[in-house]
Structures are given as C-alpha cells and as structure tokens.
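[1] Based on what follows, work out the 3D shape:
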Amino acid sequence: MSLIERYIFKMAGASFLAALGGLTGVIWVTQALRDFDLLTTKGQSLLVFLFATGLVVPSLLMIVAPIALFAAILFTLNKLNGDSELVVLSAAGLSPGRLLRPFITLMLMVALLVGSMSLWLMPASFAQLRALLSQVRTDFLSRVVREGQFSTLDRGFVFHYRERGPGGALLGIFMQDRRDPARISTYIAESGVTVFNGDENYLVLEKGSIQRQTSGGRDPVIVVFERYAIDLAQFGAGTENAPLKPRERTTPALLNPDPLDVYAQANAGLMRAELHDRMVNPLYAITFGMIAFAALAQARTTRQGRGLALLGAIAAAVLVRGLGFGVAALVARHSWAVVALYACPLASIAAAIAYALHGPSLLVRLKRPAPRLAE
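    Numbering: from 1, shown residues only. The predicted structure is shown next:
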C-alpha cells in the first residue's frame with residue numbers, strides 16, 4: 001500500500017472497530033438484560049451469567065460486522081469529501097481503482113471475520129449454550145429448590161425433598177409428573193444425588209418406588225427400585241432432549257447429514273437453507289462495503305449531493321439485504337432458490353463495482369450536450 005492508501009485504510013479500520021464495538025455492545029446489553037433471570041431466579045454466579053450471554057457474541061458479530069463496515073466506509077468517504085481531501089486526490093490523478101484498494105482490503109478482512117463466525121464459531125457457541133442451559137437446570141435443582149418446600153420445576157412437575165444430607169445428597173425425595181394427564185408418575189425415594197455424564201445430567205434415586213397411573217387404568221402400577229436414574233432435562237421444557245436444531249449443527253454435519261438422522265431427513269429444506277445461509281453471509285460484508293464505496297467514492301463539493309448519496313446507499317443496502325432474506329426463506333422450500341441466494345449479493349457487488357469505476361464518467365458523457373452542427 002502507498003502512504004495515502006495506508007492513511008485511508010487506518011481511518012476506515014478505526015471507524016469500523018468503533019462502530020462494531022458500539023453496535024455489538026448495545027445489542028449485547030439488551031440480550032444480557034433479557035437473560036438476567038440466570039442470576040435472579042436460577043441462582044447462578046456472575047461468571048456463569050457472563051459466559052452464557054457471551055456465547056451469543058459470535059452471532060451478533062456475524063450480523064453487526066457488515067453494518068459496521070457499511071457505516072465505516074460511508075463515514076470515511078464522507079469525511080474525505082468534507083475535508084476536500086477526496087477532491088485533491090482526484091485532481092492529483094488518484095483513480096477510483098486505487099482509491100478502492102484500502103477499502104477492498106478491509107472488506108475482505110471483514111468477510112473473513114464474518115465467515116469464521118458464520119461457519120464455525122456461531123454453531124459452536126449455540127451448541128455450547130445448549131449444554132450450559134442443561135447445566136443451569138441441574139444447578140437450579142440443587143441451589144434454588146429449598147428443603148421442605150414443594151417447588152414447581154415445570155408446569156405439572158412438582159419436586160420436594162425433606163433435607164440435604166452429606167455430600168450434597170437430597171434426602172426424602174418426592175416428585176410428581178402430571179404434565180401428561182394420560183400418564184401421571186409419582187416418585188418417592190429415600191435419597192438422591194445429581195450425577196454428570198458428559199453433556200447429560202441425571203438425578204440418581206436410591207431405595208424408592210415409582211407409581212404410574214394411566215388414563216383408563218383402574219389401579220396404578222407400582223415399581224420398587226434400589227437405584228433409579230432420571231434425566232434432569234425433563235425438568236425443563238424438554239428442548240435439551242430434542243434433536244439439534246440446524247443452527248446448532250456444525251457446518252460439516254450440514255454438508256454431510258447422517259442418513260440415519262430422522263430429524264435431518266425430515267427437515268432437509270431447513271438444513272439446506274442453514275448451510276447456504278452460512279456460506280453466503282461473508283458475501284454481504286463485501287456487498288455492503290461496495291454499495292457504500294460506490295455511493296461516495298466520487299468527489300462531491302456540496303453537502304446536498306452527499307446527503308442524497310447517503311440516502312441512496314442506505315436504501316440500496318436495505319433493499320439488497322431484504323431481498324436476500326426473502327430468497328433465503330425460499331431456499332427451505334425450493335432447491336432452485338439456492339442459485340438466487342448467491343446471485344443476489346454477487347450481482348449487487350458487480351453492479352456497485354461497475355458504477356464506482358465507470359458509472360459517474362458514463363453519466364457525465366450522457367449529460368454532456370451534443371455538439372452543434374456548423375451552420
């Protein structure tokens with residue numbers, strides 16, 4: 001890079017980092033406030049709260065980074081225009097192609113950032129968040145439920161224990177599951193302890209019985225046990241036992257779905273849409289950057305002209321992204337829409353490059369009055 005290109009790159013890069021940090025911080029705070037019940041009602045530590053809310057940062061960066069890049073390039077070019085630097089550079093012979101170099105470098109770096117978030121970090125963070133929520137439910141059982149009290153862990157699921165014994169064991173356990181009116185289960189045990197097995201958490205009951213009453217059945221079925229394990233995922237909404245959602249699956253898993261995975265085969269359209277949406281996300285970083293560059297790359301001496309260009313750039317970016325969202329919804333239902341999904345950002349990039357490099361000169365030639373014929 002030449003000296004002027006490094007100057008422009010540093011200005012645009014600093015603006016991008018400021019916009020990225022500001023936007024991500026604001027959205028993260030709103031997300032953290034929504035999940036504040038981890039501290040207030042589930043008895044979790046501040047560290048667990050920060051870790052849980054921090055897991056959404058990759059998905060936020062993936063969304064916010066193209067917008068921050070768009071704002072940074074508009075700000076940089078507008079400042080260069082306002083300080084007449086762009087006019088001087090244009091008069092000195094700086095071509096639009098050379099002016100584009102520092103910006104295209106920044107666009108590629110942001111596209112790489114968005115790609116790493118979209119293809120790797122975002123699904124990994126969602127999977128980790130799923131495991132953490134399962135752990136939080138276990139902690140909720142051991143930390144928040146008070147001895148001697150009947151606590152409702154889920155609608156129709158009541159838990160009670162008499163007192164806490166040595167080593168964190170729960171003594172005198174009573175549980176009743178009435179979530180399915182057609183099958184009511186009651187658990188009674190002398191003691192129980194939570195056991196962790198990888199991502200799965202269990203409550204192991206000792207010396208007790210299970211009473212099951214089915215609708216239409218005259219007498220309940222009673223099973224006596226010495227040791228019985230219950231999956232703690234059932235204390236929540238049941239989502240921990242559900243199949244992994246498309247956004248929680250790794251990109252290789254979406255590329256080569258397991259033929260024995262019933263959920264994946266039944267939701268092939270959703271899997272296809274998630275896969276291609278991850279791959280197309282980095283292109284929108286370049287798309288937004290090129291739209292901003294095309295709008296303000298030419299030297300403008302009036303604020304009115306820059307204002308109209310800014311409005312035009314914002315409208316174009318909203319239109320392109322809105323069209324992309326619409327096409328992404330079609331991909332889940334129709335495989336042919338995959339081509340349109342990639343065509344939308346690629347065509348926008350091509351149009352923005354063509355306009356930035358050749359559009360203004362073409363408009364000047366079109367507006368130039370035709371020479372008069374000699375009388």
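[2] Below-threshold pLDDT in the stretch 51-200 of the chain: ranges please.
    Applying pLDDT under 70 to the stretch 51-200 of the chain flags residues 133-145, 153-154, 196-200.
[3] what about the strands in it?
    151-154, 157-164, 170-177, 183-197, 200-214 (DSSP state E, counting those that start in this stretch).
[4] contact partners of the third one?
    Put plainly, it is strand 170-177. 156-165, 184-193, 205, 208, 230, 234 (C-beta atoms under 8 Å, 6 or more residues apart in numbering). From N, CA and C alone the C-beta is placed, and that goes for glycine too.
[5] From the residues you listed, list the buried ones, please.
    Of all the contacts of strand 170-177 considered here, the ones buried according to neighbour count by 16 or more other C-beta atoms under 10 Å are 157, 159-161, 184-189, 191-192, 205, 208, 230, 234.
[6] Show me which pair in these is furthest apart.
    Looking at the buried ones among the contacts of strand 170-177 by C-beta to C-beta, the two members farthest from one another are 184 and 191, with 23.3 Å of separation.
[7] Looking at the buried ones among the contacts of strand 170-177, which is nearest residue 333?
    Using C-beta to C-beta, residue 234 comes nearest to residue 333 of the buried ones among the contacts of strand 170-177, at 33.7 Å.
[8] Please list all residues in contact with the residue nearest the centre of the chain.
    Geometric centre of the chain, nearest residue: residue 59, 2.8 Å, by C-alpha atoms, centre = their mean. If a contact means C-beta under 8 Å, 6+ apart, then residue 59 has 117, 122, 125, 126 as its contacts.
[9] which parts of stretch 47-63 are buried?
    Going by 16+ other C-beta under 10 Å, stretch 47-63 has these buried residues: 48-49, 52-53, 55-63.
[10] okay if I get these as CSV plus distance to residue 29?
    What follows is these, written out as CSV (distance: C-beta to C-beta, whole Å):
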residue, distance to residue 29
48, 18
49, 13
52, 14
53, 9
55, 15
56, 12
57, 12
58, 17
59, 15
60, 11
61, 15
62, 18
63, 15
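[11] For the stretch 251-375 of the chain, which segments are assigned as helices?
    Assignment of helices within the stretch 251-375 of the chain using DSSP state H, counting those that start in this stretch yields the ranges 251-255, 262-266, 268-296, 303-331, 337-367.
[12] Just say which of those is most tucked in.
    Comparing the helices of the stretch 251-375 of the chain by mean neighbour count (mean count of other C-beta atoms under 10 Å), helix 268-296 ranks first with a mean of 23.
[13] Quick check, residue 117 in contact with residue 64.
    No. Assessed by C-beta atoms under 8 Å, residue 117 is found out of contact with residue 64, at 10.0 Å.
[14] Now do the contacts for residue 58.
    117, 121, 122, 124, 125.
[15] The same query, at a cut-off of 10 Å, please.
    116, 117, 118, 120, 121, 122, 123, 124, 125, 126 (C-beta atoms under 10 Å, 6 or more residues apart in numbering).
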